[in-house]
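S.K.: Sharing a model prediction with you, sequence too.
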Amino acid sequence: MFLLSKPGEGLVRQFISAQHALPFSYSEVGATKNGAVPGYTIDHNRIKLGQGEETYQRAISAIRGWKQFDLGWVSIVPGNTPVEVGSTVAIQAKTFGFWSLSACRIVYVIDEGEPVRKFGFAYGTLPDHVECGEERFTIEWQQSTDNSVWYDIYAFSHPQHPLVKLGRPIARSLQKQFARESLARMLNVARAAV
């Protein structure tokens, strides 16, 4: 959904309510668990956040609070949505003077122990989203090797909205900008108490 002004809470609630029960807009639901998906553009970005349990816990808290989206031009609404399977959110973005809402639903949550501790989730696109595909956000703690903590984003997608199809190079540029800024945001959050 493209808009000329920032959507209010009521419009966001209506938008999410209309998308909540709809099926995903792609058939490969959950495929970010297994790697590359033919026919889609693959994006994989990661950054070392630091070391140790304190960094790991700060990063998990940030993911639970959707802080990887607090970028100024993009955010998750509502921002207090719990990270659990079935939660539906909207990505709210302002680009080139226009606002957009794109609907996603959480497909799965990751909470693993040995040998690498991991926490995260993946969400998939719903019919009213500018793209089609799935994106996974993971915090990894290499506890048994070098104690490093990493933030990892893995996604597969292709344009869904006609305007995005026409402006594919611009859309790809925005996806890359999001990844860069999300990595930087999480690095800042992880180092905030250092």
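M.R.: Alright, I've got the coordinates. Residues are numbered from 1 along each chain as shown.
S.K.: can you pull the contacts of the closest residue to I60 other than its chain neighbours?
M.R.: Excluding the flanking residues, the one nearest I60 by C-beta to C-beta, 6 or more residues apart in numbering is F119, at 4.7 Å. For every residue, glycine as well, the C-beta is placed using N, CA and C. Going by C-beta atoms under 8 Å, 6 or more residues apart in numbering, F119 touches Y56, I60, I63, I110, D111, E112, T138, I139.
S.K.: so which strand or helix has F119?
M.R.: Using DSSP states H and E, the element containing F119 is strand 117-125.
S.K.: In its sheet, which strands sit next to the lengthiest strand in the chain, and in what direction?
M.R.: With secondary structure taken from DSSP state E, the chain has its longest strand at strand 98-112. Counting by DSSP bridges, the strands paired with strand 98-112 are strand 2-3 (antiparallel), strand 88-95 (antiparallel), strand 117-125 (antiparallel).
S.K.: out of those strands, nearest to R172?
M.R.: strand 88-95 (12.9 Å; C-beta to C-beta).
S.K.: List the contacts of the closest one.
M.R.: By C-beta under 8 Å, 6+ apart, the residues outside strand 88-95 that reach it are 6-7, 12, 15-16, 19-20, 66, 69, 73-78, 81, 99-106, 123, 126, 129, 174.
S.K.: L101 is in contact with V12, correct?
M.R.: Yes - applying C-beta atoms under 8 Å, one finds V12 in contact with L101, separated by 6.9 Å.
S.K.: Any stretches of the chain with poor pLDDT?
M.R.: The chain contains residues with pLDDT under 70 at 193-194.
S.K.: Doesn't V29 lie inside a helix?
M.R.: No - per DSSP: H, G, I helix; E, B strand; the rest coil, V29 lies outside any helix segment and is coil.
S.K.: Does it touch E134 like I think?
M.R.: Yes - V29 is in contact with E134 according to C-beta under 8 Å; the separation is 7.2 Å.
S.K.: Give the residues shared as contacts by these two.
M.R.: Both V29 and E134 are contacted by V107, G124, under the criterion C-beta under 8 Å, 6+ apart.
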